[in-house]
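# pasting a predicted model and its sequence here:
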Amino acid sequence: MTNEADFICKLIDSKQQDKAYKELIDLYHERLYWHIRKLVITHENADDVLQNTFLRIYKSLPNFKQQSSIHTWMYKIAYNESLRFLEQNKKKYHTSLDDVNEKYLENLVDDVFFEGNEIQLKLQSVLGKLEEKQRQIFQMKYYDNLKFREISDILGIKEGTLKSSYYTVVKNIEKNMLHIELFEKTKV
Amino acid sequence: MKTIRNHFNSKEQDNNQLSIDKKMQKTHSEDLGLDVPLNYFSQSKNRLLTSVPAKKRRKVVSLSNNKLWWLAAASIALIFTVSVFNTNSISVMEGLPGIVSDTIVKLKGDGFSMDNFVFEEDEFLVTSLLIADNEIEEFVDNYIFDEFINDESLLK
């Protein structure tokens, strides 16, 4: 039976590294793609960030101190790479992170790999109106199935704060979705 | 200890992993309308696998970080400096006592090379090592007479 410590040893050992790294990619590349995609929005950007993320993981493996699980550590790298990408875009287009947030829906609709129907677009518009951090907490918990402890490690926010923030966001989304539906009905 | 993937070798659990990925793709597609190009994940996996060994091969080891390289460079520089210094010290006449520089000029003019001079001097030093202590004074006197006084008289 392979445990995490053994697996990390294999990843660092030059003789077993390639095989272990392949297993790591097999296991995580889809999950990390979706995690990144929700942060950088378009498929093209997510693909670039995913490549950078795995390169960063590969380079950083010898320095991995096992203070968290490799699962959380990889998500943290993916998260930081996504933020770095957004920061670079900010410099490129002279916009702030708030602008990136404001352009959330605009970028999403422009992406050729967004095929959202009316309901999906509604949910996305509600998510786009959330604060950056709130949206990240919601997506990590709801779509990436990460535990509060793991999200706490990735974002550096206390677990208690995260929990209360998540439930507030869920209520906020429900309220907004309901509001949109009612608004749609009154138009008809 | 917590496992990363207790099921690395289990077919059943590989299928489980596959179902997690499929479920994830379905959720993202159905809830959020996010899609990916056809066969994207199989292609991206191959790209990820090939990109890392390529980077590994391209890794450049800087010469400046190599201690051996620095030692070799320092040795070459030292040899070069010493050889330049020696050549200059022979050709520079300024700063030498008048009688010494006059002698060197005279020797050069008469076809004596400095190499011969140094060789003879070395020969004297080597020979002196083989002379007994009580005979050394006589040996030195003879040498001075032969090399300087006798040569000087011959030049005249």
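It's in. Residues are numbered from 1 along each chain as shown, chains lettered A, B, ... in the order given.
# which residues of chain A fall in helices?
A:4-12, A:17-40, A:43-60, A:70-93, A:97-102, A:104-110, A:118-129, A:132-142, A:148-155, A:159-187 (DSSP state H).
# CSV for those, including mean neighbour count?
In short, each C-beta sits where N, CA and C put it, glycine included. Shown next, in CSV, are the helices of chain A (neighbours: other Cβ atoms under 10 Å in any protein chain shown):
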stretch, mean neighbour count
helix A:4-12, 16
helix A:17-40, 21
helix A:43-60, 19
helix A:70-93, 18
helix A:97-102, 14
helix A:104-110, 16
helix A:118-129, 17
helix A:132-142, 19
helix A:148-155, 20
helix A:159-187, 13
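# and those, which one is worst for confidence?
When those are ranked by mean pLDDT, helix A:97-102 comes last with a mean of 56.
# tell me the centre residue of chain A?
Compute the mean C-alpha point of chain A, and by Cα atoms, centre = their mean the closest residue is residue A:35, 3.2 Å away.
# could you list every residue that touches that residue?
Taking Cβ atoms under 8 Å, 6 or more residues apart in numbering or on different chains, we find residue A:35 in contact with A:75, A:78-79, A:140, A:144.
# ok, now with 10 Å
Residue A:35 is in contact with A:28, A:46, A:49-50, A:53, A:74-75, A:78-79, A:82, A:136, A:139-140, A:143-144, A:146, A:154, B:24, counting by Cβ atoms under 10 Å, 6 or more residues apart in numbering or on different chains.
# what is the burial count for the residue in chain B that chain A sits nearest to?
Using Cβ to the nearest Cβ, the single residue of chain B nearest to chain A is residue B:33, 2.5 Å away. Applying other Cβ atoms under 10 Å in any protein chain shown, we find 21 residues neighbouring residue B:33.
# low-confidence stretches in chain B?
B:1-15, B:53-66, B:85-101, B:103-122, B:148-156 (pLDDT under 70).
# for it, what's the longest helix?
From DSSP H, the single longest helix across chain B is helix B:67-91.
# and residue A:167, how far is that from residue A:142?
With distances taken as Cβ to Cβ, to the nearest Å, residue A:167 is found 12 Å from residue A:142.
# check residue A:31 too.
Distance from residue A:31 to residue A:142, by Cβ to Cβ: 14 Å.
# thought the residue of chain B closest to chain A was touching residue A:124?
Yes - counting by Cβ atoms under 10 Å, residue B:33 does reach residue A:124; the two are 7.0 Å apart.
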